[in-house]
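Engineer: Fold the following and give me the result.
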Amino acid sequence: MVVLLMGTWVATNSMGDWWTCLGVWVLGYWMKQGGWPRPPLILALVLGGLMENNFQLTTQIYGSYEWLYNRPIVVVIEILIVLTVVFAVRGILGPRKEDSSSEAGEGAARNALISAPLATGLIVVFTIAYGVTLGFQEAATAQFPNLILLGALPLSFWILVQDGRAAFTAVNSTGDFRSAWQVASTKAALPSSLVFIGFIVATIGLAYLVGQLVALSLFVFAYLKVWGGYRWPTSVLYAACALLVVWGFYGQLMRLLFHPSVLFG
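Structural biologist: Just a heads-up that it's a prediction; the model follows:
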């Protein structure tokens with residue numbers, strides 16, 4: 001966790017990167033517990049611009065859409081993409097046996113009450129994104145976003161329908177929504193996960209107040225005490241090592257400037 005947070009700090013020296021990481025972590029946890037195979041979101045942020053630029057260059061060089069069917073290598077790639085999507089959708093939406101051994105697989109856990117709000121939120125985001133593209137002055141600018149939305153909106157709606165049916169069945173089987181939600185939250189380890197997310201939020205908040213060095217050290221100490229069950233001397237030793245590594249490697253060796261704290265400047 002310390003390495004991930006400081007790794008994001010290296011790029012822009014902005015606390016916004018820490019909040020972005022937190023948002024991606026929460027989304028990843030939400031997707032895992034809801035039964036969504038998690039895509040490499042950070043990789044998408046890095047490669048998205050490159051893909052869009054290459055898409056525009058391709059349409060300018062080879063024509064509007066002729067390159068989609070008159071180049072053999074493109075046709076082969078399209079077939080592979082279609083097969084991948086078909087098998088992925090079948091794996092997500094198809095019937096599955098309730099087997100404890102399958103819960104460990106990516107996207108294997110099914111939890112409709114957790115997944116349905118995520119599907120709803122994605123539909124809202126994708127709809128807003130489509131509305132934004134309608135306001136673009138140049139049609140070419142909206143091509144790449146609309147290409148993504150063309151598949152994202154129907155798939156999200158399909159998943160929402162499936163989740164709605166499964167959630168309705170879960171509520172009927174338990175008798176009421178409250179009981180069904182308790183079962184779903186327990187299955188997703190929601191209470192303990194919210195506590196852990198709260199610790200990360202507190203760590204980022206403390207970074208503003210006492211600085212990143214102290215905040216990250218306190219996070220390591222609290223994590224070892226609360227979740228690891230380590231003794232005080234061991235937790236203090238690990239926290240001190242984290243402080244030394246962050247200060248020595250990032251502060252002295254890489255010459256990074258830490259975020260100024262309210263108390264210590």
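
Engineer: hmm, who's touching whatever helix or strand Arg90 lives in?
Structural biologist: Using DSSP states H and E, Arg90 maps to helix 72-93. Applying CB atoms under 8 Å, 6 or more residues apart in numbering, the contact partners of helix 72-93 are 35-37, 67-69, 107, 151, 155, 158-159, 162. All C-beta spots, glycine's among them, are computed from the backbone N, C-alpha and C.

Engineer: Which pair of the residues you listed spans the longest distance?
Structural biologist: Distance extremes for the contacts of helix 72-93: the farthest pair is Gly35 and Trp67 at 36.3 Å, using CB to CB.

Engineer: Who has more neighbours out of the two?
Structural biologist: Neighbour count, other CB atoms under 10 Å: between Gly35 and Trp67, Gly35 has more, with 24 against 13.

Engineer: and the closest residue to the more buried one other than its chain neighbours, how many neighbours does it have?
Structural biologist: Nearest non-adjacent residue to Gly35, counting by CB to CB, 6 or more residues apart in numbering: Arg110, 4.4 Å away. Neighbourhood size, Arg110 [other CB under 10 Å]: 19.

Engineer: mind checking the SS state of Arg110?
Structural biologist: coil (DSSP: H, G, I helix; E, B strand; the rest coil).

Engineer: Work out for me the element Leu43 sits within.
Structural biologist: Using DSSP H and E, Leu43 falls within helix 41-62.

Engineer: helices and strands around that helix, which ones?
Structural biologist: For helix 41-62, the packing partners by 3 or more CB pairs under 8 Å, 6 or more residues apart in numbering; DSSP states H and E come out as helix 15-34, helix 143-174.

Engineer: and the angle from the last one to helix 72-93?
Structural biologist: Read that as helix 143-174. Relative orientation of helix 143-174 versus helix 72-93 (axes from the mean of the first three to the mean of the last three CA atoms, to 10 degrees): 20 degrees.

Engineer: Domains of the chain: list them as residue ranges, please.
Structural biologist: 1-38+188-265, 112-185 (automatic domain parsing).

Engineer: All the strands of the stretch 101-250 of the chain, residue numbers only.
Structural biologist: Remark: strands of the stretch 101-250 of the chain are absent; assignment by DSSP state E, counting those that start in this stretch.

Engineer: Now do the helices in it.
Structural biologist: Using DSSP state H, counting those that start in this stretch, the helices of the stretch 101-250 of the chain run over 112-134, 143-174, 177-187, 190-210, 212-223, 232-245.

Engineer: Just name the most buried of those helices.
Structural biologist: Sort those by mean neighbour count, taking mean count of other CB atoms under 10 Å, and helix 212-223 sits at the top with a mean of 21.

Engineer: Relative to the whole chain's centre, how far out is that one?
Structural biologist: 23 Å (CA atoms, centre = their mean, to the nearest Å).

Engineer: by contact count, what packs against it?
Structural biologist: Partner elements for helix 212-223 (3+ CB pairs under 8 Å, 6+ apart): helix 2-12, helix 190-210, helix 232-245.

Engineer: so where is the protein shaky, pLDDT-wise?
Structural biologist: Scanning the chain for pLDDT under 70 picks out 40-42, 45-46, 64, 92-109, 265.

Engineer: same thing but at 50, please
Structural biologist: For the chain, the stretches with pLDDT under 50 are 100-103.

Engineer: rewinding a little: which stretch among the domains of the chain comes nearest Asn53?
Structural biologist: Between Asn53 and those, the tightest spacing by CB to CB is seen for domain 112-185, at 9.2 Å.

Engineer: gap between the residue of the chain positioned farthest from its centre and Phe55?
Structural biologist: What lies farthest from the middle of the chain is Asn70; by CA atoms, centre = their mean that is 36.8 Å. If you measure Asn70 against Phe55 using CB to CB, to the nearest Å, the figure is 17 Å.
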